[in-house]
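>>> Need a 3D model of the following:
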Amino acid sequence: MKIVVIGGTGLIGTKLVQNLRQGGHEVVAASPSSGVNTLTGEGLTAALQGAEVVVDVANSPSFEDNAVMKFFETSGKNLLTAEAIAGVRHHVALSVVGTERLLASGYFRAKLAQENLIQASGIPYTIVRATQFFEFVGAIAESGADGETIRLPPAMMQPVVSDDVAAALTNIAIAEPQNGMIELAGPEPIRMDELVRRFLSSKQDARQVIADSQSSYFGTEVNDQSLTPGDDPLLGPTHFDDWLARPVLQG
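Have a look, this model is predicted:
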């Protein structure tokens, strides 16, 4: 089966491409560096020729409100139009758990716009909403940093490692389209401040993490329901502490 991975050279895309090739599939790792640019349309027609499945794990290079909306709207329209012409039978996209609850953020408004384009495209699809990746915890820490203290909302999370996201996407890509959404999370609910506290401890970073209900998550207010999945999500098997104990952290 020919499968095109949009964003095939990024954190998730690289692992997904490797998994699919190990499964014997013909895989195109599509990205601007390989001559496939969804924002301009360059290279899309050739990349999608003969493809049965497209998995879109690309992310915007900028999270500024207007830039991120332009990226997901323009890329989504270009990609879905090219897929319709090529006769792609399954579009898989990676999105974020809680997207519809975080619309104060321009990034999540853009992700919702991307999801809406997919649902309206007429192409059979599966949208996979994942929780935050373990590899993103360092950025969460820095978002609340002020000198020797880090202030974060004590909101519940259920993060997942990128390896488990790639494994789930591998199975979903070769399965039948759901024409709906699947949620994916890690095995362990944990509050944001405690998650960062464990991360810093593993790196022997002495900064103090303060649970502050008045602080925000990248400028957006969050509560215990904002970042956590609903009933019966897919669960990745890797625990955060086991990932921290690996000899070399990924990302």
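
>>> Pull the number of nearby residues for residue 171.
For residue 171, the neighbour count with other CB atoms under 10 Å is 11. Where C-beta positions appear, they are placed from N, C-alpha and C, glycine not excepted.

>>> I meant to write residue 212 there.
15.

>>> close enough to count as contact, it and residue 152?
Yes. Counting by CB atoms under 8 Å, residue 212 touches residue 152, with 6.7 Å between them.

>>> any low-confidence regions in the stretch 151-251 of the chain?
248-251 (pLDDT under 70).

>>> Helices along the chain, start to end?
11-22, 44-48, 65-86, 106-120, 137-143, 162-173, 192-202, 240-244 (DSSP state H).

>>> hmm, who's touching stretch 193-205?
With contacts defined as CB atoms under 8 Å, 6 or more residues apart in numbering, stretch 193-205 is touched by 137-138, 140-141, 144, 150, 152-154, 157, 159, 206-207, 209-211, 240-241, 244-245, 249.

>>> returning to that earlier point: most tightly surrounded among the helices of the chain?
Highest mean neighbour count among those (mean count of other CB atoms under 10 Å): helix 162-173, with a mean of 21.

>>> what packs against that helix?
helix 11-22, strand 53-56, strand 90-96, strand 125-130, strand 180-185 (3 or more CB pairs under 8 Å, 6 or more residues apart in numbering; DSSP states H and E).

>>> Would you mind putting these into TSV with distance to residue 217 alongside?
Supplementary listing: the helices and strands packed on helix 162-173 in TSV, determined by distance: least, CB to CB, whole Å:
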stretch	distance to residue 217
helix 11-22	20
strand 53-56	24
strand 90-96	12
strand 125-130	16
strand 180-185	16
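
>>> To residue 1, which of the ones you listed lies closest?
If you check each of these against residue 1 by CB to CB, strand 53-56 wins as the nearest, at 6.6 Å.

>>> Find the nearest non-adjacent residue to residue 121, please.
Setting aside the residues directly before and after it, residue 121 is nearest to residue 80 in space (CB to CB, 6 or more residues apart in numbering), at 4.4 Å.

>>> er, residue 94 actually
In space, and not counting its chain neighbours, residue 94 is closest to residue 57: 4.6 Å by CB to CB, 6+ apart.

>>> I'd like the helices of the chain written out as a markdown table, with distance to residue 131 added.
A markdown table is the format used below for the helices of the chain (distance: least, CB to CB, whole Å):
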| stretch | distance to residue 131 |
| --- | --- |
| helix 11-22 | 13 |
| helix 44-48 | 30 |
| helix 65-86 | 19 |
| helix 106-120 | 14 |
| helix 137-143 | 12 |
| helix 162-173 | 9 |
| helix 192-202 | 11 |
| helix 240-244 | 12 |
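
>>> quick one, which of the ones you listed is nearest to residue 181?
Residue 181 sits nearest to helix 106-120 of all these, at 8.0 Å, using CB to CB.

>>> Which strands and helices lie in contact with that closest one?
When contacts are defined as 3+ CB pairs under 8 Å, 6+ apart, helix 106-120 packs onto helix 65-86, strand 90-96, strand 125-130.

>>> For those, give me JSON lines that also has distance to residue 196.
Listed next are those as JSON lines, based on distance: least, CB to CB, whole Å:
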{"stretch": "helix 65-86", "distance to residue 196": "24"}
{"stretch": "strand 90-96", "distance to residue 196": "19"}
{"stretch": "strand 125-130", "distance to residue 196": "19"}
